[in-house]
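1. Structure of the sequence below:
(2 chains)
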Amino acid sequence: MRFGDPAGLWLGAAAAFVLAAYLVRRRVRRVEVPFLPLWTGALTERRGGFGSALTRWLDLLFALLACAAVAMAAGSPFLPGEESTVRDLVLVMDGGLELRAGDRREKLIKIAEAEVRRRAPGTRYFVVRVDPSGPRLHVGTARAQALAFVRAHDGGWKSASSEEAQALAREGALGLQEPDLVFCTYRPGRPEGFRLRTEMGEAPNAGFTALEVLGDPEGGGRLARMRLRGKGRLAVDGPDAQSSWEGEVDGAETIDLPLPASGEVTFTLRAPLDLFAPDNRLFLYLPERKQPRVLVVSEDAPSPFLTSAMAALEQTRAIRGPLDRTKPEHVAEAARLYDVIVFDRCAAPKPIAGLRALYLAPDRGALPFKLGPWADAPTLFDVQDDHPLVRGTGFARIPPLRARAIRGGEAIASAAPGPVLAVAGNWVALGFDPDACVLASSPAYPLFLRGAIAHLAGSAPTRLTEFVTVGERAPGKGIARWPDESRHPIGERVFGPPGFWRIGEGDAMRTWAVNLLAPGLDLSPATEPSDPLTPTGLPAVPDHPLTPAFAGAALLLLLLGWWWYWRGNL
Amino acid sequence: MIFDARELAQLRRLEILAAKVARGQLHGEREMKRSGPGSGFREHRQYQTGDSLRQVDWNVYARTDELVVKEFDAEEALDLVLVQDRSSSMRGAAALTAAKVTAALGAVALNQLDRIVWIPVGGERRAGETFSSKNRQNDLFTLVQGEATGRSDMLGAMRAALPRTSRGGLAFVISDFFDPEGATRGLSYLLARRYQLRVIEVEDPEALKEPPLGRTLLIDRETGETLKLDITEEVLAEYRHAREQRAEGLRNFCQRSGAGFLRVRADQPFFEIVQNALARGWMAG
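-> Numbering: from 1, shown residues only, chains lettered A, B, ... in the order given. Okay, the predicted model is just below:
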């Protein structure tokens, strides 16, 4: 507790002393009586009793407490508040392919924001999303001259150059002064036999771009040839001094470092960021992306669409398996060993728990989903083209496309009668007109398959239900409606819980559901909350004045004293 | 002047009332129960050596040859003792009321040609002042107005004012009877000297008002003695009990000794008090 007016405190103390003297004197009333013996006698013993003395001291105590409260109140006491420890954070989102491939970008932003809120309540945070220029699917990490998107906490994205983004973050639109930067990225994958760790990961302007393990022509050992990219002073820390390097890099640099003859080697790259100030860096590492293991079960060579899709997938190990893998016992084993099983033009196996599978019809006419005549002339007018299943597919150029959304789903492509492609939770329900849809023969189809496989691989295993065959009623919770030609709903079908399933009204319509990324998947960063650089901002606590409290206490004590006085207990 | 014009008129009415009560005898109106030079025959007795021959009833001697002497009732002026408490405890309304009652009783008595002995209690001790003529009525009025000071010492005042031997008479004692030595000691002294007592206790409600609760320094008006008390309801209850006991004791004393007792309030008009006393026949002896 502090006092805002020490002089007032002294004045108050003096006044309190006077008041105390007055109160003490006032307490003994002088009364003249005509005949004192009436009061003596039986009353004599009451003069010096212990109770009397005690109550007098209590009376004095009341008065002194009241005076003390008055004195304190006069000193303008207050509880000092706490200065704001709010830290302005700028979340720098890695916009490289690593993030974009699985459409983790927006999710990453949300995850990062949630993590910041969890770790540092009261912290203001802003997001700078660094995207590479050029095509969205450009392979490679973001570059120093990348175009930056700056978004205030509740505002929209604003495009700016990296320098402009820096200015915006510091003192421009965001109004920040020396903000802390939090780089949000995934840990990169590693080559076999080596574990590379960079403080920046796929940071925008520096990092490993290549690593080769060469034989040492002189010593017979191994040599690591690294290509570094960045600007400024970089350092590579190897297992020993010989395997370490430090130097200036401007653009690209290739270095050779001797390696131990055997064993796993860890290199750490230390590189300052020139896009932002080297200080105030915090790194929010997200879990390393899983390298999906995909088993392709195919009767013959994989279809060119699937081959293209697999080629578009990064770091995916695809193994071709024989047809007997469709047997239930083999499916169960495969479900344990592989993240995704693609049944390419073969019979769909009986679903088992934990199976994440993609079923491809043998040919275009045998696609397991159909649309009825009500989809004769669909007109697609809106596509959420950055959605992972749609992004890059060019759906807008595929006119005969129709689907019904699971109720409450997020529409990612819609047409005149309603949504045609939708996501509800970790499912996507879609349907194509096999007669009119050219998706399967379009260049967008492999991309669609790629997105589906990526999502299946990243999703949490869920229990699969029985396939619903055509014409079979599906138990479940959802409701699907389809309109007639007049575009009014004429049918309704209840379908089941999550899993692979198809429903239809005769051959009129079939719907295929694909398991997507589980919404509750924990992508929180691997770093511990005790990280000393973790923002710990707290809002400022204003001073809390105590004068009213002390004044009230003084008044209360005075009233209490008077009450006791008049009540005769003192 | 102790009385204003209205009170003087009331005083005249009291004198008339007293005269009616006494049925208008002149000198020595009150018949004394002893033989003396009066005019009323009481009894015959045997002649004794030393008796005057003029007292012999010669008619009886002519009929019976016995020398008997005629005795007559004595007819003489009555001594009226007025004891007025002027101690400090009477300060205020009680003192004024006591003074007016004393003056009124004195005036009534002087109007009936009684001899008055006025004895003040409190202040400087002094011998009793005797008034035997109505001409000194104003002197009495002046004297009773004195300031209420000093301590209550009724016995000392009696001893100083009255002779050791006395023929008795009527004695009015007007006081609050707050005597540290005892309220009845002075009364006993008068009774011992064959006075018929008329006790008027003046009670001042204002002076006896209970002080508020809390720590209080009580100061005795007469002695200046102090007493610190934490006054509570319990203490007040005991104070009331002490007052009642004291008043009851005084009343019982008067009842036992055949004395008249009248408790009046200090704010009560003197006319009512004296009228009440006359109606009780207190002036008739």
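2. Residues of the stretch 51-200 of chain B that sit close to chain A?
-> B:89-91, B:176, B:178, B:180 (C-beta under 8 Å from any C-beta of the partner chain). Glycine gets a C-beta too; all of them are placed from N, C-alpha and C.
3. residue contacts, B:A247?
-> Under the criterion of C-beta atoms under 8 Å, 6 or more residues apart in numbering or on different chains, the contact list for B:A247 reads B:201, B:263.
4. Now find how far off-centre the helix or strand where it lies is within its chain.
-> Assigned by DSSP states H and E, B:A247 falls within helix B:233-257. Helix B:233-257 sits 22 Å away from the centroid of its parent chain (C-alpha atoms, centre = their mean, to the nearest Å).
5. got it, and stretch B:212-231?
-> Per C-alpha atoms, centre = their mean, the centroid offset for stretch B:212-231 relative to its chain is 32 Å.
6. swap in stretch B:131-139?
-> Stretch B:131-139 sits 17 Å away from the centroid of its parent chain (C-alpha atoms, centre = their mean).
7. Over to stretch B:249-258?
-> Distance of stretch B:249-258 from the chain centroid (C-alpha atoms, centre = their mean) equals 15 Å.
8. Let's test this: mean pLDDT of that stretch, rounded?
-> Averaged over stretch B:249-258, pLDDT sits at 91.
9. quick one: contacts of that stretch?
-> B:177, B:183-184, B:187-188, B:191, B:196-197, B:199, B:201, B:259-261, B:263.
10. Now do the SS call for the closest residue to B:W282 other than its chain neighbours.
-> Closest residue to B:W282 apart from its sequence neighbours, by C-beta to C-beta, 6 or more residues apart in numbering or on different chains: B:R198 at 4.6 Å. What DSSP: H, G, I helix; E, B strand; the rest coil gives for B:R198 is strand.
11. Report the beta-bridge partners for B:R198.
-> Counting by DSSP bridges, B:R198 forms beta bridges with B:F172, B:G260.
12. That one - how many residues pack around it?
-> 24 (other C-beta atoms under 10 Å in any protein chain shown).
13. roughly how far apart are it and B:L82?
-> B:R198 sits 10 Å away from B:L82, taking C-beta to C-beta, to the nearest Å as the criterion.
14. ok so, going back, the residue nearest to B:W282 touches B:S175, doesn't it?
-> No. The pair B:R198 / B:S175 is not scored as a contact, 11.8 Å apart, by C-beta atoms under 8 Å.
15. Can you check what angle separates whichever strand or helix holds B:R263 from helix B:233-257?
-> Here B:R263 sits within strand B:260-265, counting by DSSP H and E. Between strand B:260-265 and helix B:233-257, the angle comes out at 150 degrees (axes from the mean of the first three to the mean of the last three C-alpha atoms, to 10 degrees).
16. And the residues of the stretch 51-200 of chain B next to chain A, which two are furthest apart?
-> B:R91 and B:P180 (16.0 Å; C-beta to C-beta).
17. Spatially, which residue comes closest to B:D51, not counting chain neighbours?
-> B:V69 (5.1 Å).
18. And for B:V83?
-> Leaving out its chain neighbours, B:V83 is closest to B:V173 (C-beta to C-beta, 6+ apart), at 4.3 Å.
19. in the stretch 1-150 of chain A, which segments are predicted with low confidence?
-> A:6-9, A:12, A:14-27, A:41-53, A:55-56, A:82-150 (pLDDT under 70).
20. Which residue in the contacts of stretch B:249-258 has the weakest pLDDT?
-> B:A183 (79).
21. That one should be in a strand, yeah?
-> No. Using three-state DSSP, the assignment for B:A183 is coil, not a strand.
22. okay, now it: neighbour count?
-> 23.
23. Enumerate every residue touching the closest residue to it other than its chain neighbours.
-> Of all residues not flanking B:A183 in the chain, B:F177 sits nearest, at 3.8 Å (C-beta to C-beta, 6+ apart). Contacts for B:F177 (C-beta under 8 Å, 6+ apart) come out as B:85, B:152, B:183, B:201, B:250.
24. ok, of the residues you listed, which one's closest to A:G75?
-> B:S152 (57.4 Å).
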